[in-house]
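Peer 1: only geometry, no sequence info:
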Ligand SMILES: Nc1ncnc2c1ncn2[C@@H]1O[C@H](COP(=O)(O)OP(=O)(O)OP(=O)(O)O)[C@@H](O)[C@H]1O
Ligand code: SF4
Ligand SMILES: [Mg+2]
């Protein structure tokens with residue numbers, strides 16, 4: 001059966017998304033500009049969650065009777081980031097780069113195969129399911145697909161009430177009242193608690209998913225592409241709702257998206273992911289006006305809403321050709337090299353480290369630089385102890401480069417080619 005379209009299935013609710021609000025005219029960026037102001041990056045905000053060198057490998061097994069392990073899908077391969085209390089970090093990248101897997105590993109829907117996820121003084125990676133139960137209240141997830149993430153056989157009341165019951169959040173006789181309050185908070189009619197998901201449009205279903213994630217009063221929500229399945233005008237409404245909720249309840253967000261316009265509005269800090277790794281991370285202003293990684297530059301040039309302001313004023317489109325390679329057998333050296341217009345010999349031989357190049361800016365590229373201003377020689381060679389072709393240089397003294405989840409007050413100045421402490 002075909003999925004109902006956003007505009008076809010609006011129930012007669014008083015305070016729901018108005019019917020007929022399909023994409024027409026203004027872009028998401030324009031719609032968002034007219035509404036809430038994006039939050040500012042606060043470098044001094046304390047961290048609520050710290051992800052350090054997180055790995056999520058899935059085993060690949062041979063076919064046949066004895067299913068031997070023959071490799072790994074390295075879906076997430078050593079990512080580090082820190083989410084400030086009540087703040088939000090965007091995680092962006094093409095399909096298949098590992099965003100959802102990272103979100104599921106952070107919320108412990110998967111058991112990570114490496115690294116740590118510190119929430120307060122506890123490492124979620126090390127906890128047993130029993131130890132995790134109380135912490136699950138604090139860390140919730142909104143799922144990518146509002147159609148498949150709600151059980152069609154359960155009423156809205158049962159869906160939103162389930163976490164309340166499991167965690168004994170309210171006395172049994174008050175569950176309905178709490179469900180109705182939550183429906184109201186997300187802009188749905190509280191009287192619709194006994195309806196079923198198929199009676200709602202995509203935008204309304206996503207609001208139901210949001211209400212479910214709010215039920216336990218979380219401190220952090222991992223929102224996995226919460227609007228990508230929705231029409232543009234509905235996307236703007238749901239993003240505004242999330243921003244309002246963030247302010248009202250002081251919730252921190254890891255906001256996953258492949259659309260740079262969406263995260264630009266929601267997140268003061270953004271990490272760009274490629275094939276299981278973070279390749280660039282920066283505060284919003286820096287990332288959009290001075291991206292230094294060829295992949296970020298290509299993503300920005302492809303985003304119609306943001307390309308004017310981004311990539312140093314250059315407006316031509318940088319085309320990304322080919323597919324994201326398989327995470328079972330990623331390219332040697334830099335994983336982006338098979339699609340990178342700047343790739344040289346060193347890129348196949350040596351993996352570029354994620355190095356800090358400004359107060360709140362890290363990038364992983366041997367030829368890091370603003371578009372049209374990339375250096376001729378690799379900026380990383382000396383610190384890695386190799387020559388410009390990536391061969392070991394016996395005379396060099398490699399520098400230890402730490403990939404910490406936080407930003408340091410010392411960084412590598414690309415022009416001076418040395419570490420600076422302003
Ligand atoms: N349970 C699993 N077992 C094996 N491989 C998996 C599993 N889940 C994801 N993968 C693989 O890991 C890689 C990353 O997948 P993931 O769903 O995290 O990407 P994504 O960035 O969220 O993509 P999209 O934008 O399409 O949602 C893909 O190659 C995918 O096939
Ligand atoms: S390290 Fe080389 S291949 Fe990788 S992004 Fe930089 S220039 Fe391109
Ligand atoms: Mg995904």
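Peer 2: Everything's here; your move. Since we're looking at a predicted model, the values are computed, not measured. Numbers count the residues shown, from 1 in each chain. Ligands and ions are numbered 1, 2, ... in the order given.
Peer 1: Look up phi and psi at the closest residue in space to residue 412 that isn't next to it in sequence.
Peer 2: Distances taken as C-beta to C-beta, 6 or more residues apart in numbering put residue 355 closest to residue 412, at 5.1 Å, once the chain neighbours are dropped. Where you see a C-beta, it was placed from the backbone N, CA and C, and this is true even at glycine. Main-chain torsions, residue 355, degrees, to the nearest 10: phi -110, psi 150.
Peer 1: Just grab the bridge partners of residue 355 for me.
Peer 2: Beta-bridge partners recorded for residue 355 (DSSP bridges): residue 363.
Peer 1: Report how many residues lie close to residue 270.
Peer 2: 26 (other C-beta atoms under 10 Å).
Peer 1: Assumed it was part of a strand.
Peer 2: Yes. Under DSSP: H, G, I helix; E, B strand; the rest coil, residue 270 falls within a strand.
Peer 1: Tell me where the stretch 201-350 of the chain is predicted with low confidence.
Peer 2: The stretch 201-350 of the chain contains residues with pLDDT under 70 at 304-317.
Peer 1: Chain neighbours aside, what residue packs nearest to whichever residue of it sits closest to ligand 1?
Peer 2: The minimum distance from the stretch 201-350 of the chain to ligand 1, using C-beta to the nearest ligand atom, falls at residue 327 (4.9 Å). Leaving aside its sequence neighbours, residue 327 sits nearest to residue 74 (C-beta to C-beta, 6+ apart; 4.8 Å).
Peer 1: hmm, who's touching stretch 410-417?
Peer 2: 292, 355-359, 361, 368-369, 375, 379, 382-383, 418-421 (C-beta atoms under 8 Å, 6 or more residues apart in numbering).
Peer 1: That one: end-to-end distance?
Peer 2: The first and final residues of stretch 410-417 sit 13 Å from each other (C-alpha to C-alpha, to the nearest Å).
Peer 1: Pull out the buried positions in that stretch.
Peer 2: For stretch 410-417, burial by neighbour count (16 or more other C-beta atoms under 10 Å) applies to 411, 412, 414.
Peer 1: Flag every residue of the stretch 301-422 of the chain that's near ligand 2.
Peer 2: 334, 336, 337, 340, 342, 343, 347, 352, 365, 366, 367 (C-beta under 6 Å from any ligand atom).
Peer 1: Show me which of those is closest to residue 401.
Peer 2: residue 352 (9.9 Å; C-beta to C-beta).
Peer 1: so that closest one makes contact with residue 362?
Peer 2: No. Contact criterion C-beta atoms under 8 Å: residue 352 and residue 362 do not qualify, at 11.2 Å.
Peer 1: Show the buried residues in the contacts of stretch 410-417.
Peer 2: Applying 16+ other C-beta under 10 Å to the contacts of stretch 410-417 flags 292, 355, 356, 357, 358, 361, 368, 369, 379, 382, 383 as buried.
Peer 1: so what's the third one closest to, chain neighbours aside?
Peer 2: Looking back up the chat, that one is residue 356. Sequence neighbours aside, residue 411 is the residue nearest to residue 356 in space, at 4.1 Å (criterion: C-beta to C-beta, 6+ apart).
Peer 1: hey, which helix is longest across this structure?
Peer 2: Using DSSP state H, we find that the single longest helix of the chain is helix 232-249.
Peer 1: from the chain's centre, how far out does that one sit?
Peer 2: Mean-position distance between helix 232-249 and its chain equals 16 Å (C-alpha atoms, centre = their mean, to the nearest Å).
Peer 1: So which bits of it are buried?
Peer 2: 232-243, 245-246.
Peer 1: can you list the residues you listed in CSV and add distance to residue 204?
Peer 2: Shown next, in CSV, are the buried residues of helix 232-249 (distance: C-beta to C-beta, whole Å):
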residue, distance to residue 204
232, 16
233, 14
234, 9
235, 13
236, 15
237, 10
238, 10
239, 15
240, 15
241, 11
242, 15
243, 18
245, 16
246, 20
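Peer 1: Can I get those in CSV including distance to ligand 2?
Peer 2: Below are these laid out as CSV (distance: C-beta to the nearest ligand atom, whole Å):
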residue, distance to ligand 2
232, 31
233, 36
234, 35
235, 30
236, 33
237, 37
238, 33
239, 30
240, 35
241, 37
242, 32
243, 33
245, 37
246, 33
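Peer 1: which among those residues gets closest to residue 170?
Peer 2: Nearest to residue 170 among the buried residues of helix 232-249, with distances taken as C-beta to C-beta, is residue 245, at 19.2 Å.
Peer 1: OK, contacts around the residue lying closest to that closest one once chain neighbours are set aside?
Peer 2: Take residue 245 and drop its neighbours on the chain: the residue closest to it by C-beta to C-beta, 6+ apart is residue 251, 6.3 Å away. By C-beta under 8 Å, 6+ apart, residue 251 lies in contact with 86, 218, 219, 220, 221, 245.
Peer 1: what helix or strand is the closest residue to the second one other than its chain neighbours on?
Peer 2: What that stands for is residue 218. Residue nearest to residue 218 in three dimensions, not counting chain neighbours: residue 140, with 4.1 Å by C-beta to C-beta, 6+ apart. Residue 140 is part of strand 139-142 when elements are defined by DSSP states H and E.
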